[in-house]
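Chemist: Build me a structure from this.
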Amino acid sequence: MTRDAFGRHRRLAPDCLIGTNPLDVADKALLAEYRIESNLAETTIDKKFTDETGLDRSVLLNEIRDAASKQPQGVDTAEIGPSGRFKYFHIDDGAGIRMFYRVPVSSGTPTEAGEPEEYLRVSFHTEMSGPTSLSVDEMFIARVASPTLGGTDKIIVRHIESGNEHSIAIPNLESLAFGPNIKDIFILQQIGSAGLIQCIVRIAFHPVDGFDAPENSDILLHDADERNFVEVRRTKGNRWIMMQSTSKSSNEAYLVDGDGTLLVRKREENVMYFVDCGDADDEIFLLAHKTNNDEEKVESDCLGEEMKLFTARSTDLPLGSFRDAKMLYKPDENHSIQDIDVFSGFVLLYETSTQDGKQRISICREDGAASTCTVSLPEQIHECVQISLGQNGFFNSSSFRFYVESPLRPPTPLEYDVEMGTYCEGNRVDNFNDEDYFMKKVFATSADGTAIPMTLASQTTPGIEGQRPTVLVAYGSYGEMNGPVYDPALVPLLRRNFTIAHAHTRGGGELGTKWYEGGRGMNKPRAIDDLIACAEALTNELAVTETHLLGVKAFSAGAVVAAGAANRSPSLFSALSLTCPFLDVTGAMSDSTLPLTEHERDEWGDPYTIAEYCPFTNVVGNSLPPTLVVGALDDVNVPYWHASTYAMKRKQMLIQMREDEVDDQRHLGETLLKIEESGGHNLIGFRLNVSSLDCAFLISELKTKSNKEKDGKVSMLGMLWNTVV
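Modeler: Numbers count the residues shown, from 1 in each chain. The predicted structure is shown next:
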């Protein structure tokens, strides 16, 4: 059956749903069909879960809600502002109201603060709250507000102490930033019928009188290339506004102040660089690398596939070659720079191991690698945790915040004092190494011999071979980390003796830039090879589980890898869970009217490569495992029809097989489809219910009792429990 047979499920174009009620504009019959499918999915899963466990799904919902409540919230998440005067945080009341608070910092250090005060309250019933920006002096906050029921976007600037506001209506706002001078606000706006032309505009703002008329604004950047994304933000030292136009393989950045605009470096194909600045003209920091493996050109311009850190002066701009800048830091061959954070006197380096993906934070002084040191984690912290940097908005701070987390421990904020070389007082660190906690890096061998790391987590040590139900979490796209993060939706599984295995396949960023390049574009099929290798290792040499106890779970672009692996090796899995999934790669990359098509071409490969792995076009209906597919009608990142057409194609194949009385019906897995009518890509307002449904589905399908007799052997992981990987 061809994809054209499912054109009806693309009828509700997602751009016509933004800010509107789908029932007012959509095909009512199609909506009714989705409601029937969604009710069927919930009823089927609920019944099977109750039959298997004797429990109601509300038990899972309460467990997920309880797990979510253990995440840092309120003042524990407060991040310091750009002048160091206040720390900021927000609280959601669970009923569509977000309250914004700030805490005065009495001594100028992030750890000594007073009582919080509320300075803003936003109702999601009336507006979708967009990006915000504080003025450098922290007297004003600007935000993008989009009316929930349709209408023109607005910039709203609020004087925090008095509560007085000024606003201006500007259509298609994407983001904004206060300039170094409070009289300038820089906005990113999309124009054109498809919103494909991106402009950065400077708008004059007067604290007393408000905004100048839009026609008096200055257009600073106009980018009509559909391959590019445009960004605007204030640099860390509050000296410049940075504007950047980025494709998948190259970029071009500018610095703006009251004296004009400076080009940092002209765009060069296969060269990427990222810019941040201190508070002086000689404090311009650049991360740069090549996006291909052309060894001759790499040698000529001192760039390689992995990032290097450079520093330059404004008088050096525009740079011709990176040899014109000073190389401040080059990581050793076993590490890759993922990100930097600039402070007065030092730069934080957020690095990952290119061998196993373990993370570290290093401190680079102005004299570069000679004085670079690594921040040691507290002894209670397991070496396999996920590390992420805080916002750290105060350039002159001598301390910084970062977070550690794992599937069994919620994010824990830590403050580190660089001058003292110690952690700040008041840090509360749970024990990440207690006896009821198991976490370990293990490896699988992919088809081309590459070692693929996985991070395993469970509440108890693996014991009898093959007895443990396991969920393999997949992503492997965009160079993003598929790290072992705390996900409340996985907590009910961990409590029921599941193992959670995060697969660090190529295409992700866990092992650095080269790892990402190895699984994108023409190399995308490698990411699928890697996931298959992980599944085979879990059921064979690692002996963690068996195929009838193994499921795979993916969100968004991770569905390409997960569903692609299920198509190619369906007998490896007994459950497939796909949420807001990107599945019809062929269709999306053939439709130039979609806003991300041109930008995404380098991520997914040429038409021949896509045809090899596209989950939708390669569905094999006679052997796929039971599958839950969830989408949202107003998802503008991944349109709902990826979920609906994939599910309907599988259902149609299953019906046809039964009508044809196909003999091989060993894996005639049922496909369940749930389409939410709102909530967007992140299913806002519906996440708890969808998560509980997903848990119930996985628990029901991955039986906790084996159908085979066991010989009582201890698994390899059980023997590895006390070893260092």
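Chemist: Tell me where the model's unsure across the stretch 351-500 of the chain.
Modeler: 367-371, 430-436, 461-466 (pLDDT under 70).
Chemist: cutoff 80 now
Modeler: 366-372, 380, 382-383, 425-437, 460-467 (pLDDT under 80).
Chemist: tell me the strands in it, going along the chain?
Modeler: When assigned using DSSP state E, counting those that start in this stretch, the strands of the stretch 351-500 of the chain occupy the ranges 359-365, 368-374, 386-389, 399-406, 409-417, 422-423, 438-445, 451-458, 470-474, 499-503.
Chemist: what's the closest of the ones you listed to Gly81?
Modeler: Of all those, it is strand 399-406 that lies closest to Gly81, at 13.0 Å by Cβ to Cβ. The way it works is simple: take the backbone N, C-alpha and C, and place the C-beta from them, glycine included.
Chemist: orientation of that closest one relative to strand 409-417 in degrees?
Modeler: Here strand 399-406 runs at 160 degrees with respect to strand 409-417, directions being taken by axes from the mean of the first three to the mean of the last three Cα atoms, to 10 degrees.
Chemist: Strand 399-406 packs against which elements?
Modeler: strand 386-389, strand 409-417 (3 or more Cβ pairs under 8 Å, 6 or more residues apart in numbering; DSSP states H and E).
Chemist: What strands flank the last one, and is each parallel or antiparallel?
Modeler: Using DSSP bridges, the neighbouring strands of strand 409-417 in the sheet come out as strand 399-406 (antiparallel), strand 422-423 (antiparallel).
Chemist: Adding distance to Thr547 and mean neighbour count as columns, could you present those strands in JSON lines?
Modeler: Formatted as JSON lines, the strands paired with strand 409-417 follow (distance: least, Cβ to Cβ, whole Å; neighbours: other Cβ atoms under 10 Å):
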{"stretch": "strand 399-406", "distance to Thr547": "27", "mean neighbour count": "22"}
{"stretch": "strand 422-423", "distance to Thr547": "45", "mean neighbour count": "14"}
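Chemist: Now do the helices for the chain: every range, in order, please.
Modeler: If you assign secondary structure with DSSP state H, the helices in the chain sit at 22-25, 28-53, 58-69, 295-300, 491-495, 513-517, 524-539, 558-568, 585-590, 597-604, 607-613, 641-660, 687-701, 716-720.
Chemist: which of these is buried the deepest?
Modeler: Neighbour counts (mean count of other Cβ atoms under 10 Å) averaged over each of the helices of the chain peak at helix 558-568, with a mean of 28.
Chemist: Can you spell out which helices and strands pack onto it?
Modeler: In terms of contacts (3+ Cβ pairs under 8 Å, 6+ apart), helix 558-568 is packed against strand 470-474, helix 524-539, strand 550-555, strand 575-579.
Chemist: Reformat the ones you listed into JSON lines and put distance to Lys649 next to each item.
Modeler: Compiled in JSON lines, the helices and strands packed on helix 558-568 are given as follows (distance: least, Cβ to Cβ, whole Å):
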{"stretch": "strand 470-474", "distance to Lys649": "21"}
{"stretch": "helix 524-539", "distance to Lys649": "19"}
{"stretch": "strand 550-555", "distance to Lys649": "18"}
{"stretch": "strand 575-579", "distance to Lys649": "13"}
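Chemist: Switch the helices and strands packed on strand 399-406 over to JSON lines, and while doing so, append mean neighbour count and distance to Ser217 to every line.
Modeler: JSON lines is the format used below for the helices and strands packed on strand 399-406 (neighbours: other Cβ atoms under 10 Å; distance: least, Cβ to Cβ, whole Å):
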{"stretch": "strand 386-389", "mean neighbour count": "18", "distance to Ser217": "34"}
{"stretch": "strand 409-417", "mean neighbour count": "20", "distance to Ser217": "39"}
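Chemist: Gly508 is nearest to which of these?
Modeler: If we rank the helices and strands packed on strand 399-406 by Cβ to Cβ, the stretch that ends up nearest is strand 386-389, at 12.8 Å.
Chemist: which neighbours does the closest one have in its sheet, and in what orientation?
Modeler: For strand 386-389, pairing defined by DSSP bridges yields strand 399-406 (antiparallel).
Chemist: List phi and psi for the residue most central in space within the chain.
Modeler: Among the residues of the chain, the one closest to the centroid is Glu480, at 6.5 Å (Cα atoms, centre = their mean). Backbone geometry at Glu480, expressed as degrees, to the nearest 10, gives phi -90, psi 150.
Chemist: Could you report the distance from the closest residue to Ala489 other than its chain neighbours to Ser577?
Modeler: If the residues on either side of it in the chain are set aside, Ala489 comes closest to Ser691, at 3.6 Å by Cβ to Cβ, 6 or more residues apart in numbering. Distance from Ser691 to Ser577, counting by Cβ to Cβ, to the nearest Å: 10 Å.
Chemist: where in the stretch 201-350 of the chain is pLDDT low?
Modeler: Ranges of the stretch 201-350 of the chain meeting pLDDT under 80: 281-282, 292-301.
Chemist: so the residue nearest to Ala489 makes contact with Asn62?
Modeler: No - Ser691 lies out of contact with Asn62 (Cβ atoms under 8 Å); the separation is 11.8 Å.
Chemist: Pull up the gap between the closest residue to Pro147 other than its chain neighbours and Ala543, please.
Modeler: Distances taken as Cβ to Cβ, 6+ apart place Glu127 nearest to Pro147, at 5.7 Å, with adjacent residues excluded. Look at Glu127 and Ala543: by Cβ to Cβ, they are 53 Å apart.
Chemist: neighbour count winner among those two?
Modeler: Ala543 (22 against 19; other Cβ atoms under 10 Å).
Chemist: Identify the residue nearest Arg102 in space, chain neighbours excluded?
Modeler: Leaving aside its chain neighbours, Arg102 sits nearest to Phe86 (4.2 Å; criterion: Cβ to Cβ, 6+ apart).
Chemist: show me the residues around the one you found that make contact.
Modeler: For Phe86, the contacting residues are Ile80, Arg102, Val103, Pro104, Val105, Glu138, by Cβ atoms under 8 Å, 6 or more residues apart in numbering.
Chemist: Show me which of these is closest to Arg323.
Modeler: Using Cβ to Cβ, Ile80 comes nearest to Arg323 of these, at 36.8 Å.
Chemist: and that closest one, what does it touch?
Modeler: Phe86, Lys87, Tyr88, Val105, Pro110, Gln391, Asn392, Gly393, Phe394, Ser397.
Chemist: Would you mind giving me the ChimeraX syntax to select the buried ones in these?
Modeler: Per 16 or more other Cβ atoms under 10 Å, the buried members of those correspond to this ChimeraX selection:
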select :86,87,88,105,110,392,393,394,397
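Chemist: What is the burial count for the closest residue to Arg121 other than its chain neighbours?
Modeler: Counting by Cβ to Cβ, 6+ apart, Met99 is the residue found nearest to Arg121 once chain neighbours are left out, at 5.2 Å. By other Cβ under 10 Å, the residues close to Met99 number 15.
Chemist: re the thing from before, what's the closest of the helices and strands packed on strand 399-406 to Lys649?
Modeler: Lys649 sits nearest to strand 386-389 of all these, at 35.7 Å, using Cβ to Cβ.
Chemist: How about residues contacting the closest one?
Modeler: 339, 341, 348, 350, 359-361, 400-406, 411, 481, 483-485.
Chemist: chain center to stretch 538-557: distance?
Modeler: 22 Å (Cα atoms, centre = their mean, to the nearest Å).
Chemist: Could you give the average pLDDT over it?
Modeler: For stretch 538-557, mean pLDDT rounds to 94.
Chemist: circling back: for the helices of the chain, give me JSON lines that also has distance to Leu317.
Modeler: Listed next are the helices of the chain as JSON lines, based on distance: least, Cβ to Cβ, whole Å:
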{"stretch": "helix 22-25", "distance to Leu317": "49"}
{"stretch": "helix 28-53", "distance to Leu317": "53"}
{"stretch": "helix 58-69", "distance to Leu317": "46"}
{"stretch": "helix 295-300", "distance to Leu317": "21"}
{"stretch": "helix 491-495", "distance to Leu317": "50"}
{"stretch": "helix 513-517", "distance to Leu317": "24"}
{"stretch": "helix 524-539", "distance to Leu317": "36"}
{"stretch": "helix 558-568", "distance to Leu317": "39"}
{"stretch": "helix 585-590", "distance to Leu317": "37"}
{"stretch": "helix 597-604", "distance to Leu317": "27"}
{"stretch": "helix 607-613", "distance to Leu317": "38"}
{"stretch": "helix 641-660", "distance to Leu317": "43"}
{"stretch": "helix 687-701", "distance to Leu317": "45"}
{"stretch": "helix 716-720", "distance to Leu317": "52"}
